[in-house]
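When you get a sec, could you give me coordinates for this:
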Amino acid sequence: MAGSLKPVGAFAITPHKVSVCILLQIYAPPAQASVPFPFSSVSQHNRLGLFLLALTKSCDDILEPQLDELINQLKEIGGLLNHWLSEHLTRKLSALSSPDDLFNLFSSLRSILGGPETSILEDDQIILDPNSHLGMFLRRCLLAFNLLSFEGVCHLLTNIGTYCKEAVSSCPPYDLPDEDDSNNDLEELLEYEDMDLESFVFRKVAEEAEARKRARESATFHTHTPRSLLGLVEDIQVSADSKYKNCDGIGQGSEFLGPSHDTFRGDDHNSGLFLRTNWQVQGYLREQADLIEKHGSSFPLNAFESILKQLQKLAPELHRVHYLRYLNNLYHDDYPAALENLHCYFDYSAGAEGIDAPSSSSSFISYGNYEIALLCLGMMHCYLGHPKQSLEVLTEAVRASQQHNNDTCLAYTLTSICNLLSEIGISNATGIIASSYSPVTSIGTSLSIQQQLLVLLRRSLKRAESLKLTRLVASNRLAMAKFDLTHVKRPLLSFGPKASTKLRTCPIDVCKELRLSSYLLSEFGSDGASLTIDGAFSTAWLKNLQKPMASSVLSQENRSENGSDAFQFGSQPSSIPGYVLQLAGASYLLRATAWELFGSAPVARLNALVYATCFADGSSSADLALAYVKLIQHLAVYKGYKEAFSAMKLAEEKFLSVSKSRMQLLKLQLLHERALHRGHLKLAQQVCDEIGVLASSVTGVDLELKTEASLRHARTLLAAKQFSQAAAVAHSLFCMCYKFNLQVENATVLLFLAEIHKKSGNAVLGLPYVLASLSFCQSFNLDLLEASATLTLAELWLSLGSNHAKRAKALIHRALPMILGHGGLELRARAFIAEAKCYLSDPNFSVLEDSEVVLDSLRQASEELEVLEYHELAAEAFYLMALIFDRLGQLEERESAASSFKDHVIALENPKDDEGLLLDSYST
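As a prediction, the model looks like this:
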C-alpha cells in the first residue's frame, strides 16, 4: 500500500511514529559528540535533521507512509549510510517482540530530551530541546504511549509486526540484503568510521543507481493507484556523477510548467517513486498560486489549466484547485472562466480550505465565508477594470463582515476599497461610506472623494493596528504615503475656529509613513492573520532532499532563481516570508516614485536600482518591470535614446511582451519622443494611436494611460503647428484631470497650455497658465517641474521684448541650480539656450567683450541636443552660435556652425524612417 490510515481523533502513537522516534534516537543519541556515529560530517547530520523535521511536520496527514516508503526516502539522505540506517531501523522494529521491549524503547527515548538538570552541557554534546519542534513531537509520542492501556500496547505491537511484514513483502530483493550482507555492510561502515564517508559514497553511487534502474524495470509500484495518478508522483534521486560533473541542466529549466513537464516531477533522473501526501499537494498548489501572482499573464494558461483539470479529476476533494483555476483565468483576463471557478471554489468549500475563519464568527457554519467570497469577487472586478461592480460588491462585503463579526475580513475589505478609490477614478462617490452599515456613517455624504478616501485610510489603519495585522498595517502605511504624496490634506470640519493651514503636501509625512512601513515588517512573526498553508514547509524540505550535497556545491551558479523556493539544501529555511519581501520592495518603488515627483533623479534611480537588485526574486513581474521602466526612462532622459534602446532590448529578453505591459508602453513612449525630436510627425501620430488603443474604454479605468495618450496627442499637434487643435485636446485633458482629482497631472497640462501659447506667439495668454502651474508645483512640492515652469515663465517674458530680458535672466538663474543638478538633457539645453538669448537681448551686454559666456552655454546645449537628436532646438542653438561668430569676425567657426544649422534643418524637414521599421517590428 502507498500509505496506512491513521486513527481519527487525538494524537495517537502509530508504527510510523515509532519509526520516526527510532530515527530521532539515531539523530540525537545521549552522551555523544557533535558528530555522532555513523555520521562523518556535520552536513550529513544536518541532512537527517532536516528530513526528520519535514517528517514530523507531516505527522497530521491522513495517510502515513509505510516502512518501505520511509526506507526509499532514507536512501536519499545519506548515500552509503542508507544501508546502515535502513538496516538499523528494520532491526530495531523487528526486535520489538513484547510489550516490555516497547516500554524499554520509550524509556530510553526520555534520555535524549533536555531538562532542568541538563542546563549545563558540554560544548559538543547533542541533546533535544524539549520546546523545539522535534522535542515537542517526541514529548507527544511519549505522552501518547503513556496513555495507552495494556491492550493498546499489545495492539500497537501487532501493528508494528504487520508494518514490518508489509515492507518485507513489497520490497524487491536487492533492497533487503540477507543477514550476511548486512553484517558485511556494518563491518564495512565500522572500517570507514574514522575517514570521510563522502569520498567512499561517490565511488559506489554509480553501482547503486544502476541497481535501482534494473530493479525498477522489473518491479511495479506497490499500489492499486490508477496509471494516470502515477504521473502525479515526484522523483527523488541521487545523481551518480554529481561530484565529478558540473550539471549545467540543474535549475535552468522553464520557470513555469509546460506541456512537457510532469505535474510534480522534479529532475528526469532515475529514482524511486512515492505518492505525495495531502500536505505536499497543498504546498504544490500554493507554490503555483505564488507563481501565477508573480508572473501574471506571462504564466502559461493552457498547459497549467490541463494539469489542474487532471488533478481535479483525480482528487475532486481538493477544492483549492478551483481557486488555482480562478487565478489562472483572472490573470489572463478570462472573465467568464474566472467568475465560474471562483463560484465553484466557494460553492464546494465555502472558502474554508486554506483560509483562516475567525473563531468568534459563530455564523460561519450557517453562512460559510460569504464575506470572503464577496471580497474575492470585488477584487476580481477591480483587477478586470469594473469599478462600479467592484464597489458594489465590496460594499456588500463590508455589510456581511459586520453582520458575521468577521473583523479581519472587514479590515481587508476596507483596504481594498481604499485601493479602489485611489487607483481607479471615481468622480462621484455619494453613498460609498454613508450607508447604514458603514463604519463611517457619522461623517455624512458632503465630503469629497479625497476626504472620504482619507477617512477610510485612517479607519482601516486603526482597525488593522487593533487586530495586530502587521501585514495589513504595513500595506496601509504605504497607501497613506501614496495619499500624502499626491493629495493636500484639508480640514474635515467646515465650521468652528480655523487655524492657519498651508495647503501643501508634506514630504516629511511621506518619508515617515514609508519608514514606518519598513519598520513594521520586522515584526511579521507577530501577525495575527499569518496564514500557513498545509504542507508548505514539509513540501519544500522534502523536495530539496532530491539534490545531493555535491550537486548543490558544484553547481551553485546553475541553481534555479525561483524566489518561491524558500529552502535550500543543507541550510536553514529562509526566515523572511514572501509577502514581507513584496511589501518591502513596494516601499522602495514608492520611494522612487516620490523622489521622481520631488525632483531628485539620482535618489529615484538609486531606489529603483535597490529594488531591481535586492527584491527581484520575490517581486511580481509587473513590479519588477516597473523598476526596469524607471531605470530605462532615466537613461533616455539623461543619456539619450541609444542607451535607452540598448537597455530596452535587454529588458525585452527578460519580460514577455504582452498587451498593456509596461514594457510595451515604454517602447511606445521612447518611439514617440524620438519621432517628435526628429520631426517625424506621421510616425508620432501613429504611436499616439497605438498608446490610445491600450487604454480601456471604461470611464475611470486606466486614467494614467488615457492621460499619457491625450498629452502625447496634443504634443504631436503642437509640433505640427496646429495650435487650436492642440489647445482643445489639452483643455479636454485638463477637465478630465480636474474631474478625477489628478492634481499632479493638472500641473503638467497647465504648463503645456502655456507652451502652446508661447509657440503660437500669444505670450500674454500663456502667463496665467504657467503661473497656475507654478502654484500647483509649490503645493505638491514638484521641485523639478517647478524649475521647468520657471524656465517657461522666463521664456514667456523674454518673448514679450528685450525690456524683460533682465527679469527673464533672473528667473533662469533662480531655477538653474535645480535644472543643472537634476534636469535631463532637454531641460538643460533649453535653459542654456534661454540664458544665451537673455544675454543677447540685453542692451548692456557686449558680445565682443564677453562672448565666451554665451558661447559656452550654446556649445553645451548643442552637444546635449545632438545626443537627443532634437533637430529643432539644435538648429536654434547653432543659429545663435553662427550669429555670435559673425559678430566676432570668426568666419571659419561661423561657417561650421551654419553648416550644422543647415544639416539639422534638412534632417528636420526630411526625417529618416528607421523608427517606422522599429514600430513595424514591434507591432509584428
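
Send me the strand or helix carrying L668 as PDB with only the CA atoms.
Secondary structure assignment for L668, by DSSP states H and E: helix 662-678. Output of helix 662-678 as PDB, limited to C-alpha atoms (Å, rounded to 0.1, in the frame of the first residue of the first chain):
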ATOM      1  CA  ARG A 662       4.700  48.400 -19.000                       C
ATOM      2  CA  MET A 663       7.500  47.500 -21.400                       C
ATOM      3  CA  GLN A 664       5.200  47.900 -24.400                       C
ATOM      4  CA  LEU A 665       4.100  51.300 -23.200                       C
ATOM      5  CA  LEU A 666       7.700  52.300 -22.500                       C
ATOM      6  CA  LYS A 667       8.800  51.400 -26.000                       C
ATOM      7  CA  LEU A 668       5.900  53.400 -27.500                       C
ATOM      8  CA  GLN A 669       6.900  56.400 -25.300                       C
ATOM      9  CA  LEU A 670      10.500  56.300 -26.400                       C
ATOM     10  CA  LEU A 671       9.500  55.900 -30.100                       C
ATOM     11  CA  HIS A 672       7.200  58.900 -29.800                       C
ATOM     12  CA  GLU A 673       9.800  61.100 -28.100                       C
ATOM     13  CA  ARG A 674      12.400  60.300 -30.600                       C
ATOM     14  CA  ALA A 675       9.900  60.800 -33.500                       C
ATOM     15  CA  LEU A 676       9.000  64.300 -32.200                       C
ATOM     16  CA  HIS A 677      12.600  65.300 -31.800                       C
ATOM     17  CA  ARG A 678      13.500  64.100 -35.300                       C
END
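
gap between A592 and L705?
Distance, A592 to L705, using CB to CB, to the nearest Å: 20 Å. Yep, even glycine has a C-beta here, placed from its N, CA and C like the rest.

The two: which is more packed in?
Remark: of A592 and L705, A592 carries more neighbours, 23 against 17, as counted by other CB atoms under 10 Å.

Next up, identify which helix or strand that one is on.
Here A592 is assigned to helix 578-598, by DSSP H and E.

Counting by contacts, list what that helix packs against.
helix 470-486, helix 507-520, helix 601-614, helix 621-638 (3 or more CB pairs under 8 Å, 6 or more residues apart in numbering; DSSP states H and E).

pretty sure R504 is in a strand, no?
No. Per DSSP: H, G, I helix; E, B strand; the rest coil, R504 lies outside any strand segment and is coil.

What about it, how many residues nearby?
Per other CB under 10 Å, the neighbour tally for R504 reads 12.

so for stretch 639-651, what's the average pLDDT?
The average pLDDT for stretch 639-651 rounds to 91.

same deal with stretch 47-54?
83.

Now that stretch: buried residues?
47-48, 50-54 (16 or more other CB atoms under 10 Å).

Let me know the closest of those to N72.
F51 (12.3 Å; CB to CB).

close enough to count as contact, the closest one and L81?
No. Between F51 and L81 there is no contact under CB atoms under 8 Å: 11.8 Å.

Quick check: which of the helices and strands packed on helix 578-598 is nearest to E786?
Evaluated with CB to CB, these place helix 507-520 nearest to E786, the distance being 13.6 Å.

Run through who's touching that closest one.
Counting contacts by CB atoms under 8 Å, 6 or more residues apart in numbering, the residues outside helix 507-520 that touch it are 470, 473-475, 477-478, 480-481, 484-485, 583-584, 587, 590-591, 594, 598, 781.

re earlier: tell me which of the buried residues of stretch 47-54 fall in helices.
Counting by DSSP state H, the part of the buried residues of stretch 47-54 found in helices is 47-48, 50-54.
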